[in-house]
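Peer 1: when you get a sec, could you give me coordinates for this:
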Amino acid sequence: MMKPGTLILQVAARYLVPLQLLFSVFLLLRGHDEPGGGFIAGLVASGAFAMYLFTFGAAVTRDLMRVDPRNLIGIGLFLGMLSIFPAFFYGDPFLTAQWWDIPLPGGGEFKFSTPLIFDVGVYLTVFGSVMLMLIALTEAEEH
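Peer 2: Numbering: from 1, shown residues only. As a prediction, the model looks like this:
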């Protein structure tokens, strides 16, 4: 059975996991204009949960995730495939990016796009894949 991490690691994990997840969302949202994107953001998010996994164990991490990593992989692949269809409906060539301006309260706009949909799909696929691997390895070690 895996021993829990030290007290310092337990306290650090509780504070660092939300910060890492927030940073991964930042990387995801700026990724199609500057360095970053779904892949690196998914790795940062899985790094946050990996720290939690090594600190508290597989069962606690599964409870924290609330979604099976296999489902995240499936949703991510679905979103990646879904991102190709808007170009078809607008009569543009295959995989042409489409952009929509969504007004925000206060007068701003959010530029929603098919590259963002694709990046979110990559994010979920990478995150789910890494977490599935890490949890499987940790559970095999615990038994």
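
Peer 1: so for the helix or strand where Ala41 lies, mean pLDDT?
Peer 2: Under the criterion of DSSP states H and E, Ala41 resides in helix 38-56. In this model, helix 38-56 has a mean pLDDT of 95.

Peer 1: how far does it sit from its chain's centre?
Peer 2: In terms of C-alpha atoms, centre = their mean, to the nearest Å, the centre of helix 38-56 is found 9 Å from the chain centre.

Peer 1: what does stretch 21-41 give?
Peer 2: Distance, centroid of stretch 21-41 to centroid of chain: 10 Å (C-alpha atoms, centre = their mean).

Peer 1: in it, what counts as buried?
Peer 2: Buried residues in stretch 21-41, counted by 16 or more other C-beta atoms under 10 Å: 21, 24, 27-29, 31-32, 36-41. Heads up, the C-betas are built off the backbone N, CA and C, glycines and all.

Peer 1: report the two of the residues you listed separated the most.
Peer 2: Leu21 and His32 (19.8 Å; C-beta to C-beta).

Peer 1: rewinding a little: could the buried residues of stretch 21-41 go into TSV alongside distance to Leu77?
Peer 2: As requested, those are exported to TSV (distance: C-beta to C-beta, whole Å):
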residue	distance to Leu77
Leu21	22
Ser24	19
Leu27	20
Leu28	17
Leu29	21
Gly31	18
His32	19
Gly36	21
Gly37	17
Gly38	12
Phe39	14
Ile40	19
Ala41	17
